[in-house]
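**Q** after the sequence you'll find the predicted model.
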2 protein chains.
Amino acid sequence: MSDNKQTKSNDEIQLLVFKALADPIRLEIIKYLKHLDHEVACGEVGKVIEISKTSGSYHFKLLESAGLINTRREAREKYVTLNEQTFNKYVTDFYRNI
Amino acid sequence: MSDNKQTKSNDEIQLLVFKALADPIRLEIIKYLKHLDHEVACGEVGKVIEISKTSGSYHFKLLESAGLINTRREAREKYVTLNEQTFNKYVTDFYRNI
DNA sequence: AAAATAGTTCAAACATTTTTGAACTATTTA
DNA sequence: TAAATAGTTCAAAAATGTTTGAACTATTTT
């Protein structure tokens, strides 16, 4: 495990967040997770929205590095949920705070 | 003047909005307009944030087609303001409504 | 132990977005 | 009327983002 301090400015995170939201597949993933409202494995999401596992891996990585999802690995599987705090801070409150 | 009915679904607009927000120059423009809080010509914004007029034209066009800005042409100049309604509907309320 | 499953990584191919400069329209100023 | 100003359009170049399949790690099932 690396213990690098996460040194990203709010502006950098803000941009990563909007970039992560600027894609139809990632919006589908987000909608799916919001409506499910509980932890689910990446692979299951990928099956539902019909993308390859490689493509899934790519999109989940982007969502994760924007802080929009929380992930937990259990054995072979990686479980994800939405990170509401990030949505609140960088999306819902965006216009108010700029 | 064309009188084409604007036939874009909410999902299409939602994507255009996030794509428009996924760029550092356009975020700068938006911040500038928000803080000014009154109408301003494209050219003035372009000068402040130091971009070429061609680049300005390109970015303002994207913001406009996402509905994030209102524009008004007066003689040579094009005046812009933020369109708060679009921010409210597609950004602030995004997470609540998906 | 072998096969199956979940996910990652890599580089190449492909697709989309952004920048650039030149040429253009329309308006205003000298 | 000529020159200056504000902005647009175009196509080519440059930069970024996404998909693909093969090879890989790690875990679980048979």
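**A** All right, it came through fine. Computed from a prediction, not measured in an experiment: that's the story for all the values here.
**Q** which residues of chain A score low on pLDDT?
**A** A:1-6 (pLDDT under 70).
**Q** how about the residues of it that lie near DNA strand C?
**A** A:41-44, A:46, A:53-54, A:56-58, A:60-61, A:76-79 (CB under 7 Å from any atom of the strand). All C-beta atoms are positioned from the backbone trio N, CA, C, and that covers glycine.
**Q** which of these fall in helices?
**A** Residues of the residues of chain A next to DNA strand C located in helices (DSSP state H): A:42-44, A:46, A:53-54, A:56-58, A:60-61.
**Q** which parts of chain A are helices?
**A** So, for chain A - with DSSP H - the helices run A:10-21, A:24-36, A:42-49, A:53-65, A:84-87, A:94-97.
**Q** deepest in the core, which of those helices is it.
**A** Highest mean neighbour count among the helices of chain A (mean count of other CB atoms under 10 Å in any protein chain shown): helix A:10-21, with a mean of 19.
**Q** what residues does it touch?
**A** Applying CB atoms under 8 Å, 6 or more residues apart in numbering or on different chains, the external contacts of helix A:10-21 come out as A:8, A:26-27, A:30, A:62-63, A:65-68, A:86, A:90-91, A:94, B:18, B:21-24, B:27.
**Q** residues near A:Asn88, how many?
**A** Look at A:Asn88: counted by other CB atoms under 10 Å in any protein chain shown, it has 12 neighbours.
**Q** these two touch, right, it and B:Phe94?
**A** No. Judged on CB atoms under 8 Å, A:Asn88 makes no contact with B:Phe94 at a distance of 11.0 Å.
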